[in-house]
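In: structure here, sequence nowhere to be found:
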């Protein structure tokens with residue numbers, strides 16, 4: 001099989017860690033992502049159905065349903081941006 005663009009290749013290194021949830025157990029990781037000491041961080045449940053992706057200006061959150069999204073939005077209004085859509 002020939003490569004259509006041999007000059008364009010992207011490589012990633014992955015690290016995965018599985019640990020029981022405890023309040024504060026990812027605080028150092030979140031701070032490092034906010035300070036751009038590390039990038040491309042993804043926190044997820046063991047089923048990979050919910051994803052929290054923090055970065056230096058906030059975070060993206062992927063949830064399973066619009067209802068779950070709305071519950072999270074109602075619980076944490078201070079997490080939303082000042083944009084009228086909250087995005």
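Out: Noted; the coordinates are in hand. No experiment lies behind these values; they were computed from the predicted model shown.

In: which helix is the longest one in the chain?
Out: helix 66-75 (DSSP state H).

In: grab the nearest non-local neighbour of the spatially most central residue of the chain.
Out: Note on the chain: the residue nearest the mean C-alpha position is residue 53, at 0.9 Å, using Cα atoms, centre = their mean. Excluding its sequence neighbours, the residue lying closest to residue 53 (Cβ to Cβ, 6 or more residues apart in numbering) is residue 60, at 4.5 Å. Heads up, the C-betas are built off the backbone N, CA and C, glycines and all.

In: which SS state does the one you found fall under?
Out: State at residue 60, reduced to three classes by DSSP: H, G, I helix; E, B strand; the rest coil: strand.

In: count the residues that sit near it.
Out: Neighbour count of residue 60, defined by other Cβ atoms under 10 Å: 11.

In: repeat that for residue 33.
Out: What residue 33 shows, counting by other Cβ under 10 Å, is a neighbour count of 21.

In: ok but it is inside a helix, no?
Out: Yes - secondary structure of residue 33 (three-state DSSP): part of a helix.

In: before we move on, the earlier item: now do the longest helix of the chain against strand 58-62, angle only.
Out: Angle, helix 66-75 to strand 58-62, by axes from the mean of the first three to the mean of the last three Cα atoms, to 10 degrees: 150 degrees.

In: what sits up against helix 66-75?
Out: Under the contact criterion Cβ atoms under 8 Å, 6 or more residues apart in numbering, helix 66-75 has outside partners 50, 61, 63, 80, 86.

In: list the contacts for the closest residue to the first one other than its chain neighbours?
Out: Yep, that's residue 50 we're talking about. The shortest distance from residue 50 to any non-neighbouring residue, by Cβ to Cβ, 6+ apart, is to residue 63 (5.5 Å). Listed by Cβ under 8 Å, 6+ apart, the contact set of residue 63 reads 50, 69, 72.

In: residue 19 reaches residue 46, doesn't it?
Out: No - the criterion here is Cβ atoms under 8 Å, and residue 19 misses it with residue 46 at 10.6 Å.

In: ok so, going back, any idea which of the contacts of helix 66-75 is closest to residue 33?
Out: Distance to residue 33 across those (Cβ to Cβ) is lowest for residue 61, with 13.5 Å.
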